[in-house]
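1. Everything below, folded, please.
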Amino acid sequence: MMNKLFYILPIFAPSLVLAQAVDADSVVQQQSAPIITGAPVNAFEVIRKKAEAGDMVSQYELADYYYRGSATTGYDYAEACRWYRKSAEQGYSNAQIQLAACAERGLGMEKNYEEAKKWYKLAADNGAPSAQNNLGAILFNVDKDYEQAYDYYEKAANQNYAPALYNVGYCMLKGIGISKDTETAIQMWRRSAAQEYTYAYNGLGNEYYKGEVLPLNYDSAAYYFRKAAMKLHLSAEMSLANLYSEGKGVEKSDKQALFWYKKAAEQGNVNAQYQVGLYYIKGIGTEVNQTEGFNWLKKAADANYMPACANLAACYERGMGCKRNQAKAVEYYRKAAEQGNPDSQLMLGMCYDRGLGVTRNEAEAVKWMKKAANQGLAEAQYGLGVIYSFGSPAVKNEKNAFYWFKKSADSGTDLALFQLGQCYQMGRGTAKDEAKGTQYIRKAANKGLPVAEYALGMSYLNGIGVAANTPEAKKWLQKAANHGDANAKEMLTKLK
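-> You can find the predicted model right below:
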């Protein structure tokens, strides 16, 4: 049962993603912006004095000191915005763009899309392509005004601005804000990719991978995914890892797959963290390292990623990469179960049924097993049958037991076939029918289930549902004995 929990979800080529509303080249992220150390203090003072005197370029440069975090000022977004605004109000486009970006992101002021649009538009009307593109992105992603968004994308694309070329292509590819034109869309993406724009690389890789707009070509998909992945595009890293794991467009390499999954995992992608965890636990593309695997699974599980929660629970239950902790196993089984994972619902139900890591509670056991059983999980259907058959008087219900044994038996579960046969032979939860009961026990016995082999032997010995036949009885009893059934060994001894 537990082995089933360790699985690797299929990874599909990611869907197309629009360029970020703010072009990465126009605004420096705090995380990547180095503190300015090269400019001497007197240079800062010169700029500050000119800014205070009203020079709009100096006001913009002074704002940059605060925005980028100089050794003199440190990071101060509010002060940066104050000086960007002074410059922007004098019509300096670069300042208008930066002020719009701060409003869009909520840096140094409350997030305000209307304020962002106002300043982007002023710069856009002055012909700044990044402002035109970024205004289009807000209109597209926030206002859902696709036609006006396209108009601004097109203005920037007409200046050969790479992000806008990508966005125009996306709109044409999907028929959003303009009539669908896949041929021109791909041309736009190729022009954007020629400028090494990451999203265009990834988009072309996607289309070659899917084989719908472009001919299916895994080699070309791998080429473009690699281009994007080398520029740290997270979805491309995942897609490239997937190609290496499957050997599509590249020579199959679990080591390379792990390398790219890990790149994406380090950027915080929970699916990648989950994959890296499984690779280390199973020793795929690397030596087995259960501790490392556990740590990666935990990162994804703590972000409530369902497959990671299910597998982390199994780690805690088995002591794989961590100390065994049944209470922790229950905690993470519950996280996955609440997201609808049937295996985890079953395991949580079993923990309640047996009092493992949680106070024993048959009602909770039935509740969680039923959730899994209703999703068609045969093991859960069998488990429900067992609780209804052999549970306390508060939950025991032979008709319900028969119902769930039948459901599980229809999926071929050997123990359910055996129990269903017992129900028919003894009339538990259904009309007694010894012949039908023996038929089901035979099905389980033919699957090599020792208890069913013993029961079938006893049916032949006592003529239950079949004509009595001692040689046939001995044959099945011997099969059960060979499989270690103590009752069968004892009966064979008596029959000698």
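2. Could you use CA atoms for every contact and neighbour count after this?
-> Fine.
3. Quick check: closest non-adjacent residue to Gly205.
-> Ala221 (4.1 Å; Cα to Cα, 6 or more residues apart in numbering).
4. and what of Ala435?
-> Gly465 (3.7 Å).
5. give me the element that neighbour is part of.
-> Assigned by DSSP states H and E, Gly465 belongs to neither a helix nor a strand.
6. gap between it and Met458?
-> 11 Å (Cα to Cα, to the nearest Å).
7. So between these two, which is more surrounded?
-> It is Met458, of Gly465 and Met458, that has more neighbours when counted by other Cα atoms under 10 Å, with 22 against 18.
8. Could you find the closest non-adjacent residue to Ala100?
-> Per Cα to Cα, 6+ apart, closest to Ala100 is Ala116, 4.0 Å.
9. now do Met458
-> Ala473 (6.3 Å).
10. Correct me if wrong: Gln96 contacts Arg85.
-> Yes - using Cα atoms under 8 Å, Gln96 is in contact with Arg85, at 7.3 Å.
11. Report the contact partners of the residue nearest to Met458.
-> Taking Cα atoms under 8 Å, 6 or more residues apart in numbering as the criterion, Ala473 is in contact with Leu456, Gly457, Met458, Ser459, Tyr460, Leu461.
12. Go ahead and confirm Cys316 touches Tyr333.
-> Wrong residue type there; residue 316 is Tyr, not Cys. No - counting by Cα under 8 Å, Tyr316 stays clear of Tyr333, with 10.1 Å between them.
13. Just list the residues touching Gly277, thanks.
-> Glu292, Gly293, Phe294, Asn295, Trp296, Leu297.
14. could you measure the fifth one against Gln419, distance?
-> Which is Trp296. The value you get for Trp296 to Gln419, if Cα to Cα is used, is 41 Å.
15. Please apply the same query to the fourth one.
-> Taken as Cα to Cα, the spacing of Asn295 relative to Gln419 amounts to 41 Å.
16. neighbour-wise, which of these two wins?
-> Gln419 (25 against 19).
17. If we ignore the residues flanking it in sequence, what's nearest the more buried one?
-> According to Cα to Cα, 6+ apart, the nearest residue to Gln419 is Phe405 (6.7 Å).
18. again, but for Gly349
-> Ala365 (4.0 Å).
19. Run through who's touching the helix or strand hosting the one you found.
-> Secondary structure from DSSP H and E places Ala365 in helix 362-373. Contact with helix 362-373 is made by 341-343, 345-346, 348-353, 379-381, 383-384, 387, 391, 395, as judged by Cα under 8 Å, 6+ apart.
20. Mark which of these are part of helices, please.
-> Among the contacts of helix 362-373, the subset assigned to helices under DSSP state H consists of 342-343, 345-346, 348-353, 379-381, 383-384, 387.
21. just the strands in the protein please.
-> Taking DSSP state E as the test, none of the chain falls into strands.
22. now it, which segments are flagged as low pLDDT?
-> 1-41 (pLDDT under 70).
23. let's see it at 50
-> Where the chain drops to pLDDT under 50, the residues are 1-37.
24. Please list all residues in contact with Tyr279.
-> For Tyr279, the residues meeting the contact criterion (Cα under 8 Å, 6+ apart) are Leu258, Gly285, Thr286, Gly293.
25. now do 10 Å
-> Contacts for Tyr279 were tallied using Cα atoms under 10 Å, 6 or more residues apart in numbering; they are 8, 254-255, 257-258, 261, 273, 285-290, 292-293, 296.
26. Return the closest of these with respect to Gln425.
-> Nearest to Gln425, judged by Cα to Cα, of those is Ile8 at 42.3 Å.
27. Show the contacting residues for the closest residue to Arg105 other than its chain neighbours.
-> For Arg105, ignoring the flanking residues on the chain, the nearest one in space by Cα to Cα, 6+ apart is Lys111 at 5.7 Å. By Cα under 10 Å, 6+ apart, the contact set of Lys111 is Ala101, Cys102, Ala103, Glu104, Arg105.
28. Using ChimeraX, define a selection of the buried residues within those residues.
-> This is the ChimeraX syntax for the buried subset of the contacts of Lys111, where burial follows 16 or more other Cα atoms under 10 Å:
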select :101,102,103,104,105
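29. Now flag whichever of the contacts of Lys111 is closest to Gly54.
-> Looking across the contacts of Lys111 and measuring by Cα to Cα, the closest to Gly54 is Cys102, at 21.6 Å.
30. Count the residues that sit near Ala43.
-> For Ala43, using other Cα under 10 Å, the count is 9.
31. For it, list the residues it contacts.
-> Counted by Cα under 10 Å, 6+ apart, Ala43 has zero contacts.
32. In this structure Leu139 contacts Lys121, no?
-> No - with contact defined as Cα atoms under 10 Å, Leu139 does not count as touching Lys121 (11.2 Å).
33. intersection of neighbour lists for the two?
-> Listed as contacting both Leu139 and Lys121 by Cα under 10 Å, 6+ apart are Tyr152.
34. circling back: quick one: which of Gln96 and Arg85 has more around it?
-> Gln96 (28 against 23).
35. Leaving out the residues flanking it, which one is nearest to that one?
-> Ala88 is the one closest to Gln96 (Cα to Cα, 6+ apart), at 4.6 Å.
36. what do you get for Lys298?
-> Per Cα to Cα, 6+ apart, closest to Lys298 is Leu312, 6.5 Å.
37. Give me the neighbour count for the one you found.
-> Leu312: 35 surrounding residues under other Cα under 10 Å.
38. Please list all residues in contact with Asn94.
-> 26-27, 57, 60, 84, 87-88, 100, 120, 123, 128, 130-131.
39. Return the distance of Ser239 relative to Lys479.
-> Counting by Cα to Cα, the gap from Ser239 to Lys479 is 51 Å.
40. So these two - more neighbours on which side?
-> Neighbour totals were compared for Ser239 and Lys479, and Ser239 leads with 27 against 20 (other Cα under 10 Å).
41. how far away is that one from Met306?
-> 20 Å.
42. how about the residue nearest to Gln419, what does it touch?
-> 378-386, 388-389, 399, 413, 415-421, 423.
43. gap between stretch 73-81 and the chain center?
-> 37 Å (Cα atoms, centre = their mean, to the nearest Å).
44. buried ones in that stretch?
-> Thr73, Tyr75, Asp76, Tyr77, Ala78, Glu79, Ala80, Cys81.
45. With stretch 150-162 instead?
-> Across stretch 150-162, burial judged by 16+ other Cα under 10 Å covers Tyr150, Asp151, Tyr152, Tyr153, Glu154, Lys155, Ala156, Ala157, Asn160, Tyr161, Ala162.
46. out of the residues you listed, which are inside helices?
-> Of the positions in those, Tyr150, Asp151, Tyr152, Tyr153, Glu154, Lys155, Ala156, Ala157, Ala162 sit in helices, assigned by DSSP H.
47. What is the neighbour count of the residue nearest to Ser93 when sequence neighbours are not counted?
-> Leaving aside its chain neighbours, Ser93 sits nearest to Ala123 (4.9 Å; criterion: Cα to Cα, 6+ apart). Per other Cα under 10 Å, the neighbour tally for Ala123 reads 25.
48. got the contact list for Ala123?
-> 88, 91-97, 100, 117, 129-132, 135.
49. switch to 8 Å and redo it
-> Ser93, Asn94, Gln96, Ile97, Ala131, Gln132.
50. thought the first one was touching Pro129?
-> No - taking Cα under 8 Å as the definition, Ser93 is not a contact partner of Pro129, at 10.7 Å.
51. Surely Leu122 touches Gln96?
-> Yes - if you go by Cα under 8 Å, Leu122 and Gln96 touch, sitting 7.2 Å apart.
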